[in-house]
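> Sequence and predicted model, in that order:
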Amino acid sequence: MTILIALSGSLRRDSANTTLLRAACALAPAGVRIVLYEGVGQLPFFNPDSETDPPPIVRELRGLLSAADGVIVASPEYAHGVPGAFKNALDWLVGCAELGSKPVALINTSARALHAQAALADIVTTMGWNVIATASPVIAVANKGFDAARMVADAEVAGPLRAAIEALVLATRTECSP
Ligand SMILES: Cc1cc2nc3c(=O)[nH]c(=O)nc-3n(C[C@H](O)[C@H](O)[C@H](O)COP(=O)(O)O)c2cc1C
């Protein structure tokens, strides 16, 4: 079984990014399980003093990711940047050597949000993760109000989302990722 952890950069209840990741969970092919991590908003502020002995919620997140084969990220852009709560979550993961070279799909839900997408690619690459370009499409669902069922039923959403998942899964299985 291939395990992928989905991380949303938005805490908003009706977030398009989180909804897209819920659709991804529903579209997981046979032999693949996609788990949406929902604790980003509960993480304490990152403090390097606690990096080596972090609180249980951080240990749980690190454990989830460490046991996973890959990561799917979808995040909004705030003022041309990565949302603070999500950057905070990533900061807790910077020092985790066991997460190095984790294949990651960066799905952008808005064609306008180029700054945050570029920043995210830079951040996770600096963390040692491996951004899979073929698994990182723009799927423009931001501000459309689609629920997950509508995304799954919409070929223009489900098609590229399914292809991104397949590209990520392929990258988890090949030594030399694209
Ligand atoms: C405080 C704030 C700042 C934003 N700044 C930008 C921005 O710089 N560029 C952009 O394309 N969208 C910006 N947006 C729009 C959000 O990225 C957009 O609404 C996105 O769909 C929200 O994602 P969500 O539905 O997953 O919460 C901003 C939204 C908020 C609330």
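Yep, it's here. Computed from a predicted structure; not experimentally measured.
> Straight-line length of stretch 18-34, end to end?
Length of stretch 18-34, first residue to last, C-alpha to C-alpha, to the nearest Å: 13 Å.
> meant to ask about stretch 37-46
18 Å.
> What of stretch 69-80?
Termini of stretch 69-80 sit 30 Å apart (C-alpha to C-alpha).
> And the average pLDDT for it is what?
On average, the pLDDT along stretch 69-80 is 98.
> Quick check: buried residues in it?
Under the neighbour-count criterion of 16 or more other C-beta atoms under 10 Å, stretch 69-80 has 69-78 buried. Quick note: C-beta positions are derived from backbone N, CA and C, even for glycine.
> How about stretch 97-106?
By 16+ other C-beta under 10 Å, the buried positions in stretch 97-106 come out as 99, 102-106.
> can you check stretch 10-27 too?
Quick answer for stretch 10-27 (16+ other C-beta under 10 Å): 10, 15-25, 27.
> which of those are close to the ligand?
10, 15-17 (C-beta under 6 Å from any ligand atom).
> want to try a markdown table for those residues, with pLDDT, distance to N88 and secondary structure as columns?
Converted to a markdown table, these look like this (pLDDT from 0 to 100; distance: C-beta to C-beta, whole Å; DSSP: H, G, I helix; E, B strand; the rest coil):
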| residue | pLDDT | distance to N88 | secondary structure |
| --- | --- | --- | --- |
| S10 | 98 | 13 | coil |
| S15 | 98 | 17 | coil |
| A16 | 98 | 21 | helix |
| N17 | 98 | 16 | helix |
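> Output these in JSON lines; the columns should cover distance to V58.
Listed next are these as JSON lines, based on distance: C-beta to C-beta, whole Å:
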{"residue": "S10", "distance to V58": "20"}
{"residue": "S15", "distance to V58": "22"}
{"residue": "A16", "distance to V58": "27"}
{"residue": "N17", "distance to V58": "22"}
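> Mind picking the two most distant members of those residues?
S10 and A16 (7.7 Å; C-beta to C-beta).
> What segments of the protein are strands?
2-8, 32-37, 70-74, 103-107, 130-131 (DSSP state E).
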